[in-house]
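# Need coordinates for the below:
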Amino acid sequence: MARLTTSRNWRWLVLATALFAAPAFATGTVAGTVIDNTATLDYSVAGVPAAPVTSAPATLVVDELIELTLTWQDGSAVAVSTPDVDDALTFLLTNTGNGDEAFGLTRNNAVAGDNYDPTNGTSGAIFLESGLAPGFQASGANADTLYVPGSNDPNLAPDAAQIIYVVSNTPSALANGNTGSVRLDVASLTPGAAGSPPGTSLSAASSPAIAGGKRIAVAVVGAGNAQARAVGTYVVGGLSVIVTKTVLSIVDTHGGNSLEPGATITYRVLMTLSGAGTADNLVITDPLPAEVTYVTNSILVNGAARTDAADADNAQFSANTVSVSLGSTPAPATVTVDFRATLN
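Numbers count the residues shown, from 1 in each chain. Model (predicted):
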C-alpha cells in the first residue's frame, strides 16, 4: 500500500474558498444601475401654500468600468519530468470591474529567460475549472472544461472569479533544473476595450453619453487597459511515483482458478519511478487483509527470492505486512514485488 500526496489539492481548496467567499473587489456601484433624482419647489401665494412643483427626473445610468486581475497560483515552479504530458499551471482570473464582462484567453509558450518552450497539452491547451474535483481533471465525470475561444469565453459578474489551467507537455532529454514558462494573456471582449488607454469611453457614436437630458451608460477602460497577463513556470526534476497492485493468478486446491477457501493468490505490486532526480527512503508496504494468510518466504523482488526475516536483504514480512525497502532510488526505475497468500 502506498500513498502519494501533493500540495496541489490544498492550493485548489484555497482557491475554492476564495471563490465562494466572494470578497468585495469590484469598483463601486454596479454598472447599469439607474439613478433618478428630482427637484421639488415648494411655495405659497398670499400665504396660501401652493401645490409643490416637481421636476422631471434627471436619470443617470452607471457606466461599466472594465477592470480585471490575473494571478499565477502555484506559488512555485511546477515540477515536471522529461518527457512529460498534461501538467497544469493554475491561474486565477477575477473581474474587478463593476459590470458583467466576457474575457478571451490566449497562451504564449515562447517566454524569454527560460530554458525550453513547453508545448500545448495532449488533452488541450487551456481548461476552465469545473469545480467538481480538486486540481486539474483532464477527463472523467469531474473533467474540467476545454476552453474554445469564441465558444465558452469566461463571462464573469463583478467580483466573480474563474480558475484557469494552462496545460502543457514537456519535451524529452532536458537537464534537471531546466525551466520552461508559459504566459497567459486575458483580454476584455468588449469591442475596442483591450489595449485602449485608461479612461477610453466605448459608447457608440449613435448613442451619445447624454441624450434627451438622460445620461446613457457606456463602458470605460480602467487602469489595466482592459487586459492582464501572468507567467507560470515548470521546472524539470520532479519525480513521478506510481504504485499499482494486481492479482497475477489464483490457483485453487483442485488445480483450477476458483477463488475458494484454500486457494493460493499471487499478488504483484508494481512501483514505477519516472522523471529526474532520486527518491529517498523509498519503502513499499502492503498490509494483508484479514481474509488471507501470507505464504512463508514467498516474496520476490524483481524476480529474486527474499526471506521474511529482517536481515541483509531488503524485504521482510512482519505484523501481517509485506515490506520492501528500496533506499535511495534514482529515476527512472521500475520495481516489482510478488508474493503469495492463501484464502482463509
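
# Run through the helices of the chain in chain order.
In the chain, the segments counted as helices under DSSP state H are 8-21.

# Domain ranges for it, per the record?
Following automatic domain parsing, one finds the domains of the chain at 8-33+63-236, 239-343.

# quick check, distance from the longest one to the centre of its chain.
The gap between the average C-alpha position of domain 8-33+63-236 and the chain average comes to 12 Å, counting by Cα atoms, centre = their mean, to the nearest Å.

# Start at 406, not 1
Shifting the count to begin at 406 puts that one at domain 413-438+468-641.

# in stretch 466-480, what counts as buried?
Neighbour-count burial for stretch 466-480 flags 467-473, 475, 477-479 (criterion: 16 or more other Cβ atoms under 10 Å). (Each C-beta comes from the backbone N, C-alpha and C, glycine too.)

# How about stretch 589-606?
589, 591-595, 598-599, 601, 605.

# do the same with stretch 723-734
727-729, 731, 734.

# Repeat that for stretch 450-469.
Applying 16+ other Cβ under 10 Å to stretch 450-469 flags 465, 467-469 as buried.

# got it, and stretch 559-569?
Buried-residue list, stretch 559-569, by 16+ other Cβ under 10 Å: 559, 561, 563-569.

# Show the end-to-end separation of it, please.
With Cα to Cα, to the nearest Å as the measure, stretch 559-569 spans 10 Å from end to end.

# do the same with stretch 524-541
Start and end residues of stretch 524-541 are separated by 17 Å (Cα to Cα).

# show me what contacts Phe541?
Going by Cβ atoms under 8 Å, 6 or more residues apart in numbering, Phe541 touches 491, 493, 495, 532, 549, 570, 572.

# Let's see that with 7 Å instead.
Neighbour list for Phe541: 493, 532, 549, 570, 572 [criterion: Cβ atoms under 7 Å, 6 or more residues apart in numbering].

# quick one: least confident helix or strand in this protein?
In the chain, no helix or strand scores lower on mean pLDDT, DSSP states H and E than helix 413-426, which sits at a mean of 41.

# Can you convert the buried residues of stretch 559-569 into CSV and add a column each for pLDDT and distance to Gly545?
As requested, the buried residues of stretch 559-569 are exported to CSV (pLDDT from 0 to 100; distance: Cβ to Cβ, whole Å):
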residue, pLDDT, distance to Gly545
Pro559, 97, 22
Leu561, 96, 26
Pro563, 94, 33
Asp564, 94, 30
Ala565, 96, 26
Ala566, 97, 24
Gln567, 97, 21
Ile568, 98, 18
Ile569, 98, 19
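
# Distance to Val646 for those - can I get that in TSV?
Shown next, in TSV, are the buried residues of stretch 559-569 (distance: Cβ to Cβ, whole Å):
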residue	distance to Val646
Pro559	35
Leu561	38
Pro563	44
Asp564	40
Ala565	37
Ala566	33
Gln567	32
Ile568	26
Ile569	28
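
# and the residue of the chain most remote from its centre, what pLDDT?
Centroid-distance maximum for the chain: Ala451 at 76.8 Å, with Cα atoms, centre = their mean. Ala451 carries a pLDDT score of 92 in this model.

# What of Tyr699?
With respect to pLDDT, Tyr699 has a value of 97.

# Does it touch Ala746 like I think?
Yes - the criterion here is Cβ atoms under 7 Å, and Tyr699 meets it with Ala746 at 5.1 Å.

# okay, and the common contacts of those two?
Leu693.

# Counting neighbours, what do you get for Leu693?
16 (other Cβ atoms under 10 Å).

# how much space between the spatially closest residue to it that is not a sequence neighbour and Asn583?
Closest residue in space to Leu693, ignoring its immediate chain neighbours: Asn725 at 5.2 Å, by Cβ to Cβ, 6 or more residues apart in numbering. As judged by Cβ to Cβ, to the nearest Å, Asn725 and Asn583 stand 45 Å apart.

# surely Thr524 meets Thr575?
No - when contacts are counted by Cβ under 7 Å, Thr524 is not listed as touching Thr575 (8.0 Å).

# If you count surrounding residues, which of the two has more?
Between Thr524 and Thr575, counted using other Cβ under 10 Å, Thr575 has the larger neighbour count: 22 against 15.
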